[in-house]
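>>> model the structure of this input:
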Amino acid sequence: MEPLIVLIGVTCVGLITGVLKGRPLRRLPTALRGGLAAMFLLTGGAHFVGMRDELIAMVPPALPAPEVLVTVSGLLELVGALALLWAPASGPAAGALGLLLLALFPANVYASGTATDWWDQLIPRTITQLIFLSATGTVMVDRLRATPLRWHGRKATAVPAAKGPEGAHMTPPPLHSPASAARPTPTSGRQSSTGSRSDAI
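Model prediction:
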């Protein structure tokens, strides 16, 4: 329950701060990055301090080395939380954390069998995990959409119109056909030579 409260609380604070100060935090995906980062810092730290024994007990008996699994998953959550705070890495980090949530779901199912509180039962745990997955998916999709737009914006540059010898504006030739940059042969010369030939005939 605490991770969900942290996610919602930090995200709401980010949205309110963004609206008041006119910053990008007013966008939901950006605010979600802060909420997810705070949540995974909390859960990742719990793998080492405070709830380590409980998390080790949540590992299903079929899996080996529960202490190692808890340590590795905690490190992954901490690294992913820090990566969420860096915009270029936030998309891949959100996707990786979503996969980590799916990998850890069997531990939630196993722990729900001995749960005493209602929020630790299977259905509340499943709903909570779906909320977490929706948040990570929102951040990942938002960053995937933003990346090609930034690349296209850097690539597409305006080409200024060139001026001819007499000050007339000339449209630059396409970049893919360099041969078109050659000056055309004056048509007046062709017409005069054609006329002289017809007169001669």
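
>>> how far off centre is the helix or strand harbouring Thr43?
Using DSSP states H and E, Thr43 falls within helix 28-46. Centroid separation for helix 28-46 versus its chain: 15 Å, with Cα atoms, centre = their mean, to the nearest Å.

>>> assumed Leu63 was part of a strand.
No. Checked against DSSP: H, G, I helix; E, B strand; the rest coil, Leu63 lies outside a strand; its state is coil.

>>> coming back round to it: residues contacting the helix holding Thr43, please?
2-4, 6-15, 18, 24-25, 52, 55, 74-78, 80-82, 84-85, 90, 94, 97, 132, 135-136, 138-139, 142-143 (Cβ atoms under 8 Å, 6 or more residues apart in numbering). (C-beta placed from N, C-alpha, C; glycine too.)

>>> next, the buried residues of that helix.
Judged by neighbour count using 16 or more other Cβ atoms under 10 Å, the buried positions of helix 28-46 are 28-44, 46.

>>> next helix or strand past it?
Taking DSSP H and E, what comes next after helix 28-46 is helix 52-58.

>>> check which helices and strands that following helix sits against.
helix 66-84, helix 87-112 (3 or more Cβ pairs under 8 Å, 6 or more residues apart in numbering; DSSP states H and E).

>>> in CSV: those, plus mean neighbour count.
Listed next are the helices and strands packed on helix 52-58 as CSV, based on neighbours: other Cβ atoms under 10 Å:
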stretch, mean neighbour count
helix 66-84, 18
helix 87-112, 17
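
>>> do you know which of the ones you listed lies nearest Asp120?
helix 87-112 (6.2 Å; Cβ to Cβ).

>>> what's the angle from that closest one to helix 28-46?
50 degrees (axes from the mean of the first three to the mean of the last three Cα atoms, to 10 degrees).

>>> helix 87-112 versus helix 66-84: what angle between them?
150 degrees.

>>> comparing the helices and strands packed on helix 52-58 by mean pLDDT, which bottoms out?
Set side by side, the helices and strands packed on helix 52-58 differ in mean pLDDT, and helix 87-112 is lowest with a mean of 91.

>>> okay, which residue is most central for this structure?
The centroid of the chain falls nearest to Arg143 when counting by Cα atoms, centre = their mean (2.3 Å).

>>> show me the shaky parts of the chain.
Per-residue confidence for the chain (pLDDT under 70) gives these ranges: 22-25, 115, 148-201.

>>> run the last query once more with 80
The model of the chain has pLDDT under 80 over residues 21-26, 112-120, 147-201.

>>> other residues contacting stretch 124-131?
By Cβ under 8 Å, 6+ apart, the list of residues contacting stretch 124-131 reads Met1, Pro3, Leu4, Leu7, Leu101, Phe105, Asn108, Val109, Ala111, Ser112, Trp118, Trp119.

>>> how about 10 Å then?
1, 3-4, 7-8, 101-102, 104-105, 108-109, 111-112, 115, 117-120 (Cβ atoms under 10 Å, 6 or more residues apart in numbering).

>>> with stretch 1-12 instead?
25, 28, 30-43, 46, 51, 117-120, 124-125, 127-129, 131-132, 135.
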